[in-house]
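Undergrad: below are the sequence and a predicted model for it; my questions follow.
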Amino acid sequence: MIRFFENLYYNPKWYHYIVALILLPLSIIYGLIGFIKYLISNPKDFRVKIISIGNLVVGGSGKTPIAIEIIKYFIKNKNLKICYISRGYGRDSKGLVWVKKDGNILVDTKSSGDEAMLVAKETKCDVIVSEDREYAINEAKKRGVDLIVLDDAFSKVSIKKLDILLEPNKLPNKLTLPSGPFREFWFAKSRADIILKEDRDFKREVKIINPTSRMLLVTAIANPNRLEPFLPKEIVGKFILKDHSFFDKDKIIKQMRQFNATSILVTKKDMVKLENFNFDISIMDLEISINKEIIKKIEEYYER
């Protein structure tokens, strides 16, 4: 069922459009709920600078690499004390969990979720996962942070923040769930303070670390088709799971034998869940370069 809706949103066939039309009344209701929630909201000022990096659509859009790049920039150039807060999608734990504090990673990936662990490993900031973002913000404030970066919090209209919205290059329609990929009516993007679009406001560069002659792509990210432009010709097969899934070592071994693979090719987000598997691993190392004009706007927000 999950795969069906991923195809509906990102790789539609003719019958997907029929399903979208049938589900349209539900989509209108879903969109209205989000719109009413925004109209009655009264954003709370937490007296700390907060940046939200989100999107309006389901599936992957590059929020985590953008967050990592922004965090690295402000730590390096402004020497800020930063805390990254995420819901911790796919984690086994509940409630508020400190993933990283004072430079020390305190839990494993199953307790943190893959995205939060990636940020913990790639940056020098503190990391919290919590379903309750407002509670997490208050806990971060107790440690005297200068800046909080919220993951996927565009819809959290109860929080006063700088909203950075990632806009995909290509979408099948502008409908809300379940007929389309939007979490709110598409015009909600007008609420964003900054809208980022790939190739206009930021660029991706991918290099393969430790490439081998026969690589099996192993990944559990949303909309894995976005990896296609970066895949090397040495790919011999693909083993794709739903977003945030954890991997079964025996199943990967079976796939490697089936394709006679010499290594598995993974993203850094997948890598944090595979470190103890002792495979020969090739890594898609993604670097994001953000337009200087965007960085300047974020700096202006922090300084005012």
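TA: Cool, got the structure.

Undergrad: just the pLDDT for K76.
TA: K76 is assigned 97 on the pLDDT scale.

Undergrad: doesn't it fall inside a strand?
TA: No. Read with DSSP: H, G, I helix; E, B strand; the rest coil, K76 is helix and lies in no strand.

Undergrad: below-threshold pLDDT in the stretch 1-150 of the chain: ranges please.
TA: 1-12, 14, 16, 60 (pLDDT under 70).

Undergrad: go again with 90.
TA: The stretch 1-150 of the chain contains residues with pLDDT under 90 at 1-23, 57-62.

Undergrad: could you pull out the helices in it for me?
TA: Applying DSSP state H, counting those that start in this stretch to the stretch 1-150 of the chain gives helices spanning 2-10, 14-22, 24-39, 63-78, 109-112, 114-122, 133-141.

Undergrad: most tightly packed of those helices?
TA: Among the helices of the stretch 1-150 of the chain, the stretch with the highest mean neighbour count (mean count of other Cβ atoms under 10 Å) is helix 114-122, at a mean of 25. All C-beta spots, glycine's among them, are computed from the backbone N, C-alpha and C.

Undergrad: burial of the closest residue to V157 other than its chain neighbours, as a residue count?
TA: Spatial nearest neighbour of V157, chain neighbours left out: S41 (3.9 Å); criterion: Cβ to Cβ, 6 or more residues apart in numbering. Number of residues near S41 (other Cβ atoms under 10 Å) recorded here: 12.

Undergrad: S41 contacts I159, correct?
TA: No. Between S41 and I159 there is no contact under Cβ atoms under 8 Å: 9.4 Å.

Undergrad: with distance to I283 added, can I get the helices of the stretch 1-150 of the chain in TSV?
TA: TSV is the format used below for these (distance: least, Cβ to Cβ, whole Å):
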stretch	distance to I283
helix 2-10	24
helix 14-22	33
helix 24-39	37
helix 63-78	14
helix 109-112	16
helix 114-122	12
helix 133-141	30
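
Undergrad: the stretch 101-250 of the chain: strands as residue ranges?
TA: Using DSSP state E, counting those that start in this stretch, the strands found in the stretch 101-250 of the chain span residues 104-105, 126-129, 147-151, 162-167, 194-197, 202-209, 215-219, 235-240.

Undergrad: can you pull the contacts of E167?
TA: By Cβ atoms under 8 Å, 6 or more residues apart in numbering, the residues touching E167 are N55, L56, K189, I195, L196, K197.

Undergrad: in the stretch 201-304 of the chain, where is pLDDT below threshold?
TA: In the predicted model, the stretch 201-304 of the chain carries pLDDT under 90 at residues 222-226, 242-244, 275-276.

Undergrad: which strand of the protein spans the most residues?
TA: Looking across the chain with DSSP state E, the single longest strand is strand 281-290.

Undergrad: packing partners for that one?
TA: helix 63-78, strand 202-209, strand 263-267, helix 268-271 (3 or more Cβ pairs under 8 Å, 6 or more residues apart in numbering; DSSP states H and E).

Undergrad: list the contacts of that strand.
TA: With Cβ under 8 Å, 6+ apart, strand 281-290 has contacts from 62, 65-66, 68-70, 73, 196, 201-212, 215, 227, 230, 263-268, 271, 274.
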